[in-house]
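Peer 1: Output the structure for:
(chains A and B)
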Amino acid sequence: MRSRFLVLLLVLAVAAAAQTAAQKYNPPRMADGHPDLEGTYDAATLTPLERRSGTALVMPKEEAAKLEAQAVAVKQQGDKSIDGDRSAPPKGGDGSPGPAGNVGGYNTGWLDTGSAYTVVDGQVRASIIIDPPDGRAPPLVPGRKAGESAYNFNIVGFLQAAINARPRPTSDQTESSDPGLERTPGAYDDPEARPLGERCLIGFGSTSGPPMLPNYFYNNNHQIVQTKDNVMILTEMVHDARIVRMNAQHLPKNIRLWLGDSVGHWEGDTLVVDTTNFTDKTAFRGASPDLHVIERFTREDAHTLLYRFTIDDPKTWTKPWTGEYSWPESKGPIYEYACHEGNYAMLDILKGARIREKEQAAKNGSK
Amino acid sequence: MQHRIWTSFLLPAVALCVMSWPAAAHHAFGSEFDADRPVILKGKIVKIEWINPHTWIHVEIIKEDGTKEEWMCEGGSPNTLLRRGANKNTFPEGTEIIIDGYQARDHTELRANARNVTFADGRKLFLGSTGTGAPNAEEFSTDKARKVGK
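Peer 2: Next up, the predicted model:
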């Protein structure tokens, strides 16, 4: 445990040193002398969290330009007119690949997947993860499964898991998976079995985090509001707001929050946010409630923040890991998400499941 | 009121070369909508609900027997469109549109997914952005967004 702590210190020291070396820009400041980080930022990017094995962190600019052009071409293709005299789509489904369930997704106009690879220190990046150096999350602790909902072993959690006999939705789950009633028994039994984003509780793809990641789909904006004693980080989807208490102690371990308990301090011109006290409800990539996230926010220039995070959870990963990417400024204000108010779909999803069950039962009965 | 409108269910499969985003959606579309109930809805916008997690487009159609129906069609999150400058006045009531999609599994509901939303001539109502999603395309162009770091 001691050696792990030393490794974490080393990782953070290296991250801090790299950041210090990069700090040349003199940002505008608040009355207390600290950098003004306030603004609205768009975290959408084409850069994936992890990169393919054997590829380099820094992507040649030509390669990035080619891939970005492809992304633009997909959008332009999606914008093209189609036949005004078209018929209904095919019976039995439109053959859409992926988890949209063979009934199709949306026109590209609704989406905002990001259109550029992130650039840090003038380098186009092929992955958000910078440590481990291979750009992939470190191996899991033996016996741990990626994405597995991570209960602390307590009798309540154990019984819940046994009764439900299904993996519980996690914060980084995409909300589109439609495995079918037969393949995931119980996944449509009640609203609480549905993914957290589908329930309008927190954004999908770990947008609110921490760590705050792009979801490669839409609504990746964040707003920062800053005072001397508190920093508020609002994540567009689904109106998740984290209050970072500056220069404060963490809450007692028995007080647990969905987005964790965040406390902050300044290291030079970098805001460092330390988050612990997670619940067993979010389970980022299978993390336990003992997940520890350290985030570093640095203003890079008048229009950009650098966001860096280090993840540590000895119950889940064999060592800490670090990622970073830039957040370009976007225009606010962010449209209020008010997700519950419009979630007609939840009713239709559950109703649809009941209808499917009846159809299945009728089929079985007629055999 | 003589514009030609129809709903068609249970059509034989027609190979359509339409571009619909193949990827994920906010939620389980397959549970909500019935792949065996394709619809094409031609009619006039009654209203658009700019709400999350999904925009709902209300469209009034006139069936072949002359009776009217108001359908609700599910689109994506409105935030992206609003950020690009769309608002309640962008698509006024009465605008003629065509929506293709699939009806909700509960067939008593006049609801469908808005797989493609176009004007009567096939132009898409909602166009994608090639920027970062910010409304000012020039200020926040792809090149600008990448100009971070030193």
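
Peer 1: in the helix or strand where residue A:223 lies, what's buried?
Peer 2: Assigned by DSSP states H and E, residue A:223 belongs to strand A:221-226. By 16 or more other CB atoms under 10 Å in any protein chain shown, the buried positions in strand A:221-226 come out as A:221, A:222, A:223, A:224, A:226. The way it works is simple: take the backbone N, C-alpha and C, and place the C-beta from them, glycine included.

Peer 1: you'd agree the second one is up against residue A:327?
Peer 2: Yes - using CB atoms under 8 Å, residue A:222 is in contact with residue A:327, at 6.9 Å.

Peer 1: which residues are common contacts for those two?
Peer 2: Residues touching both residue A:222 and residue A:327 (CB atoms under 8 Å, 6 or more residues apart in numbering or on different chains) are A:41, A:43.

Peer 1: Where do the helices of chain B begin and end?
Peer 2: Applying DSSP state H to chain B gives helices spanning B:29-32, B:79-83, B:142-146.

Peer 1: ranking the ones you listed by mean pLDDT, which is last?
Peer 2: Of all the helices of chain B, the minimum mean pLDDT falls on helix B:142-146 (a mean of 33).

Peer 1: how many neighbours does residue 48 have?
Peer 2: Just going to use chain A. Other residues near residue A:48 number 17, with proximity taken as other CB atoms under 10 Å in any protein chain shown.

Peer 1: try again with chain B
Peer 2: 23.

Peer 1: I figured it hits residue B:54, correct?
Peer 2: No - between residue B:48 and residue B:54 there is no contact under CB under 8 Å: 11.3 Å.

Peer 1: What pLDDT is listed against residue A:259?
Peer 2: 96.

Peer 1: Now do the same contact list for it.
Peer 2: Listed by CB under 8 Å, 6+ apart, the contact partners of residue A:259 are A:202, A:208, A:209, A:210, A:240, A:242, A:275, A:282.

Peer 1: can you list these in TSV and add pLDDT and secondary structure?
Peer 2: Output for these, formatted as TSV (pLDDT from 0 to 100; DSSP: H, G, I helix; E, B strand; the rest coil):
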residue	pLDDT	secondary structure
A:202	90	coil
A:208	93	coil
A:209	91	coil
A:210	96	coil
A:240	91	strand
A:242	97	strand
A:275	98	strand
A:282	87	coil
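
Peer 1: Show me which of the residues you listed is closest to residue B:114.
Peer 2: Using CB to CB, residue A:202 comes nearest to residue B:114 of the contacts of residue A:259, at 25.4 Å.

Peer 1: and residue A:133, how many neighbours?
Peer 2: Neighbours of residue A:133 using other CB under 10 Å come to 9.

Peer 1: cool, residue A:290 as well?
Peer 2: For residue A:290, the count of nearby residues is 16 (other CB under 10 Å).

Peer 1: cool, and residue A:313?
Peer 2: For residue A:313, using other CB under 10 Å, the count is 22.

Peer 1: okay, it: pLDDT?
Peer 2: Listed pLDDT for residue A:313 reads 97.

Peer 1: distance of it from chain B?
Peer 2: 27 Å (CB to the nearest CB, to the nearest Å).

Peer 1: Give me the longest helix you can find in chain A.
Peer 2: Max-length helix for chain A by DSSP H is helix A:344-366.

Peer 1: If you count neighbours, what's buried in that one?
Peer 2: A:344, A:345, A:346, A:348, A:349, A:350, A:351, A:352, A:353, A:355, A:356.

Peer 1: What residue, apart from its backbone neighbours, is nearest the fourth one spatially?
Peer 2: It refers to residue A:348. Among residues not flanking residue A:348 along the chain, residue B:32 sits closest, at 4.6 Å (CB to CB, 6 or more residues apart in numbering or on different chains).

Peer 1: any chance you could map the helices in chain A?
Peer 2: Counting by DSSP H, one finds helices in chain A at the ranges A:2-22, A:61-79, A:155-164, A:344-366.

Peer 1: Any idea which of these has the lowest pLDDT on average?
Peer 2: Lowest mean pLDDT within the helices of chain A: helix A:155-164, a mean of 40.

Peer 1: so residue A:261 touches residue A:273, yeah?
Peer 2: No - contact criterion CB under 8 Å: residue A:261 and residue A:273 do not qualify, at 10.6 Å.

Peer 1: Name all residues that make contact with residue B:118.
Peer 2: A:81, A:82, A:84, B:97, B:98, B:99, B:124, B:125.

Peer 1: give me that answer again for 6 Å
Peer 2: The contact partners of residue B:118, taken as CB atoms under 6 Å, 6 or more residues apart in numbering or on different chains, are B:98, B:124.

Peer 1: Now do it against residue A:103, distance only.
Peer 2: According to CB to CB, to the nearest Å, residue B:118 and residue A:103 sit 18 Å apart.

Peer 1: Now chain B against chain A: closest residue?
Peer 2: residue B:30 (2.2 Å; CB to the nearest CB).

Peer 1: What is the neighbour count of that residue?
Peer 2: The burial count for residue B:30: 27, using other CB under 10 Å.

Peer 1: now it: how far from residue B:106?
Peer 2: Counting by CB to CB - residue B:30 and residue B:106 are separated by 14 Å.

Peer 1: For chain A, name the helix or strand with the lowest mean pLDDT.
Peer 2: helix A:155-164 (a mean of 40; mean pLDDT, DSSP states H and E).

Peer 1: just to revisit the earlier point, how far does the strand holding residue A:223 sit from the chain's center?
Peer 2: 16 Å (CA atoms, centre = their mean, to the nearest Å).

Peer 1: Also stretch A:342-350?
Peer 2: On CA atoms, centre = their mean, the centre of stretch A:342-350 falls 23 Å from that of its chain.

Peer 1: ok, and what's touching that stretch?
Peer 2: The contact list for stretch A:342-350 (CB under 6 Å, 6+ apart) reads A:200, B:27, B:28, B:31, B:32, B:51, B:52, B:53, B:54, B:104.

Peer 1: at 10 Å instead, please
Peer 2: If you take CB atoms under 10 Å, 6 or more residues apart in numbering or on different chains as the criterion, stretch A:342-350 is touched by A:178, A:188-191, A:193-194, A:198-200, A:238, A:340, A:352, B:25-33, B:49-56, B:72, B:74, B:77-78, B:104-106, B:109, B:111, B:113.

Peer 1: Show me the shaky parts of chain A.
Peer 2: For chain A, residues meeting the criterion pLDDT under 70 lie at A:1-3, A:5-23, A:97-101, A:146-185, A:367.

Peer 1: could you pull out the strands for it?
Peer 2: Assigned by DSSP state E, the strands in chain A fall at A:39-42, A:119-120, A:123-124, A:129-131, A:221-226, A:230-235, A:240-246, A:261-267, A:270-276, A:292-301, A:304-312, A:321-330.

Peer 1: Quick one, which of the ones you listed gets closest to residue A:71.
Peer 2: Going by CB to CB, the one of the strands of chain A nearest residue A:71 is strand A:123-124, 13.7 Å.
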